[in-house]
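*Asks:* A predicted structure for the sequence below; I have some questions about it.
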Amino acid sequence: MSVTLTAKKTPITVAYGDGIGPEIMDATLRIINAAGAQIEQETIEIGESVYNRGLSNGIEPSAWDSLRRTRVFLKAPITTPQGGGFKSLNVTVRKTLGLYANVRPCASLHPYVKTKHPKMDLVIVRENEEDVYGGIEHRQTQQVAQALKLISRPGSEKVIRYAFEYAKANDRKKVTCFTKDNILKMTDGLFHRVFDEIAQEYPGIENEHWIVDIGAAKMADTPEAFDVLVMPNLYGDVLSDVAAQLTGSVGLAGSANVGDHCSMFEAIHGSAPRRAGQNLANPSALLLGAVMMLNHIQQSDAAEKVHNAWLKTMEDGIHTYDIFKEGTSREKVGTREFADAVIERLGARPSTLKPVTYTAGAPMDLHPRPFKPMQAKRLVGVDVFFDWTGGAADDFVAVLEPCEADGMVLQMMSNRGTKVWPAGSPETFLSDHWTCRYMADGPHSISHHDVAKLLANLADRGLDFIKTELLYTFDGAPGFSLAQGE
Ligand code: NAD
């Protein structure tokens, strides 16, 4: 009796998206299926057609069932409708499914794709949920709007640990952190501190920190100096597109959005509507996203086969219009023909470009570590923000002084973060947005009732306080920044 063993198929959720999406998804699925990927496809609808049916975040409620069932999402780009009232589908999916790490490998294909950086081979791990992407914004005065930048310890720990585990699993030698903690001492400072702490757990991997501005300049000039990079959301959003473009084209970069429960794999580019339906688009970025997906679902053989066949196709000069160059390329092909060329080369390896080797290694150790002991949190003051246009700082102090509450004293006033009282500078521009810092008038704590009394006094005086921030110390260390010049 003979028994045929068939490998168990892994269910995945697939969305064909908009514009060039269906063509590049079709090419990608043809290639990975031909390489022996064992997948069982569930298709969901996202994007323009869903937005047009009046669903403001571009995804059918029933699609979440599929995503929660398969926990693996291969997603083609979508077209985001113009105008207000629509929410970004990508941000919705990332935040709803807790996809905390966005991983974007960016490697040059010199000499087959033109680039100024032939030796570049780096991976950007971008924090994917926090920072200003909470989208918590307020217009507070006639002149001023604000966005809240939120960085959490657990959020930072997760993405930084992921970056080190990724480096370990992929035999990378160094992890670099970019922040702007010379200015943002509380938020980016926390990210940097967590980086330094977690780096200690990985003595075999080199670690370093750069201030993001000079780090970005170094990356644009000498990308080969970097290996794995980890950074907060906004810097990662900007710099991962820069890094992809430095390799020659954003059309060549795939990405993984990784969470504890689900993961999403995609191209970094958009739906290129002007190229849609013409068999022109380059499917490489989505294909490389699919390679990351195959590794994620432990189908490394298929991942390696597809990636090496793709490298060989690149090396053979079979290029879509976006990277085709007379003299370097050999044949200009469409999306379908490009997919055929990769399929023909399945099993082949590149001869000049470095072939990839993927092995299903030990799973990454991403378990959160126990929380640090709680620190003693003490309320010592309050920043009250005002919309006020009644004159100079001294004039405002005269208005505020009669409103003081027992146990608290007005200590400092700033305007857009620059100290203007006491001893302000006459050159400082005064907007209508003021911050007044009230502190306990002795070593005692203050209470929420004290703050409420102060606010009641201010309200009685008819003052427009637009927001408050309570000032705490943690084990005696201030949990608030000083104003410029304080
Ligand atoms: P885009 O990335 O779609 O296109 C930028 C340029 O790159 C265009 O010239 C385009 O023709 C070219 N290009 C992109 N991908 C290509 C490919 N695979 N092959 C060949 N050429 C390619 O950016 P855009 O034009 O700013 O945006 C178009 C739409 O995509 C917008 O609605 C945008 O909101 C959306 N978008 C979606 C995602 C996503 O779903 N992840 C990401 C970015 C943009």
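*Replies:* Alright, I've got the coordinates.
*Asks:* how many neighbours does Leu234 have?
*Replies:* Residue neighbour count, defined by other Cβ atoms under 10 Å, stands at 18 for Leu234. Any C-beta I mention is one placed from the backbone N, CA and C, and that applies to glycine too.
*Asks:* Nearest residue to it in space, please, no chain neighbours.
*Replies:* Using Cβ to Cβ, 6 or more residues apart in numbering and skipping residues adjacent in sequence, the residue nearest Leu234 is Asp131, 5.2 Å away.
*Asks:* tell me which parts of the stretch 151-300 of the chain are close to the ligand?
*Replies:* Taking Cβ under 6 Å from any ligand atom as the criterion, the stretch 151-300 of the chain approaches the ligand at residues 251, 266, 269-275, 281-282, 285.
*Asks:* how does it look with 8 Å?
*Replies:* 249-251, 266-275, 280-286 (Cβ under 8 Å from any ligand atom).
*Asks:* Tell me the spatial nearest neighbour of the residue of the stretch 151-300 of the chain found nearest the ligand, not counting adjacent residues.
*Replies:* Scanning the stretch 151-300 of the chain for the residue nearest the ligand gives Gly270, at 2.4 Å (criterion: Cβ to the nearest ligand atom). Leaving aside its sequence neighbours, Gly270 sits nearest to Pro77 (Cβ to Cβ, 6+ apart; 4.9 Å).
*Asks:* Buried residues of the least confident helix or strand in the chain by mean pLDDT, list them for me.
*Replies:* Ranking every helix and strand in the chain by mean pLDDT, DSSP states H and E puts helix 89-96 at the bottom, with a mean of 88. Neighbour counts over helix 89-96 (16 or more other Cβ atoms under 10 Å) mark 89-90, 93-95 as buried.
*Asks:* Just the CA trace of that helix, in CSV.
*Replies:* Presented in CSV, the C-alpha positions along helix 89-96 are these (Å, rounded to 0.1, in the frame of the first residue of the first chain):
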residue,chain,number,x,y,z
LEU,A,89,-7.1,51.4,5.5
ASN,A,90,-3.4,50.7,6.2
VAL,A,91,-3.4,52.5,9.6
THR,A,92,-6.8,50.9,10.5
VAL,A,93,-5.5,47.4,9.7
ARG,A,94,-2.1,48.0,11.5
LYS,A,95,-3.8,49.3,14.6
THR,A,96,-6.8,47.0,14.8
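*Asks:* Now find how far off-centre that helix is within its chain.
*Replies:* 11 Å (Cα atoms, centre = their mean, to the nearest Å).
*Asks:* Could you count how many residues lie near Pro426?
*Replies:* 6.
*Asks:* Helices along the protein, start to end?
*Replies:* Counting by DSSP state H, the chain has helices at residues 21-34, 48-52, 63-70, 89-96, 153-169, 187-199, 212-221, 233-246, 284-296, 300-315, 335-344, 393-400, 448-460.
*Asks:* so which of these is the most packed in?
*Replies:* Compared across those, helix 284-296 shows the largest average neighbour count, a mean of 26 (mean count of other Cβ atoms under 10 Å).
*Asks:* so what's the residue nearest to Tyr438 when sequence neighbours are not counted up against?
*Replies:* Leaving aside its sequence neighbours, Tyr438 sits nearest to Met408 (Cβ to Cβ, 6+ apart; 4.6 Å). Met408 is in contact with 381-382, 438-441, 446, 450, 454, counting by Cβ atoms under 8 Å, 6 or more residues apart in numbering.
*Asks:* where in this protein is pLDDT low?
*Replies:* Within the chain, the stretches with pLDDT under 70 are 1-7.
*Asks:* looking at the sheet around the residue nearest to Leu234, what are its partners?
*Replies:* Leu150 (DSSP bridges).
*Asks:* ok, it touching Lys149?
*Replies:* Yes: between Asp131 and Lys149 there is a contact under Cβ atoms under 8 Å: 5.7 Å.
*Asks:* which of the two has more neighbours?
*Replies:* Applying other Cβ under 10 Å to Asp131 and Lys149 shows that Asp131 carries more neighbours, namely 24 against 18.
*Asks:* So which of the helices of the chain is nearest Phe480?
*Replies:* helix 187-199 (12.1 Å; Cβ to Cβ).
*Asks:* Kindly spell out which helices and strands sit in contact with the closest one.
*Replies:* Helices and strands touching helix 187-199, by 3 or more Cβ pairs under 8 Å, 6 or more residues apart in numbering; DSSP states H and E, are helix 153-169, strand 174-179, strand 206-211.
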